[in-house]
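> Fold the stuff below for me.
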Amino acid sequence: MYSKKLKDIRKKLGFSQEEMAFKTDTSYRAYSSYERGDRKPSFEFLQKLVEEFGVNLNWLIADNGIPFIEKEKNSENLKTDILKEVRKMLENEGILKK
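Next comes the predicted model:
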């Protein structure tokens, strides 16, 4: 489940819930509800995880691959492609409306 994985990611990065919320431009209340599994993460939050920390959303949502992917410098096309794929995956999972 994504809630446990979010906690694992945060701990691997060495952040408190408050720090993780701040670093992802999310309120503490929203972030803590993501970790508890009370609320599904927003697309913007997931996008921040990818952009800022290299989190592999395929691992987070579908349990495929490894938790972090290496970020390539100056790879705007790759980032755009990944975000398109993530959006499709989130739509298919019912997390994001089409």
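> what's the single longest helix in this protein?
helix 76-93 (DSSP state H).
> quick one: average pLDDT of stretch 59-78?
For stretch 59-78, mean pLDDT rounds to 74.
> Likewise for stretch 41-50?
Summarised as a single mean, pLDDT over stretch 41-50 is 92.
> Return the list of helices and strands in contact with the host helix or strand of residue 48.
Assessed by DSSP states H and E, residue 48 sits inside helix 43-53. With contacts taken as 3 or more Cβ pairs under 8 Å, 6 or more residues apart in numbering; DSSP states H and E, helix 43-53 sits against helix 2-13, helix 28-36, helix 57-62, helix 76-93. Any C-beta I mention is one placed from the backbone N, CA and C, and that applies to glycine too.
> what do you get if the cut-off is 7 Å, keeping everything else the same?
If contacts are counted by 3 or more Cβ pairs under 7 Å, 6 or more residues apart in numbering; DSSP states H and E, helix 43-53 sits against helix 76-93.
> And the contacts of the helix it packs on?
Residues from elsewhere that reach helix 76-93 (Cβ atoms under 7 Å, 6 or more residues apart in numbering): 43, 46, 47, 50, 57, 61, 62, 72, 96, 98.
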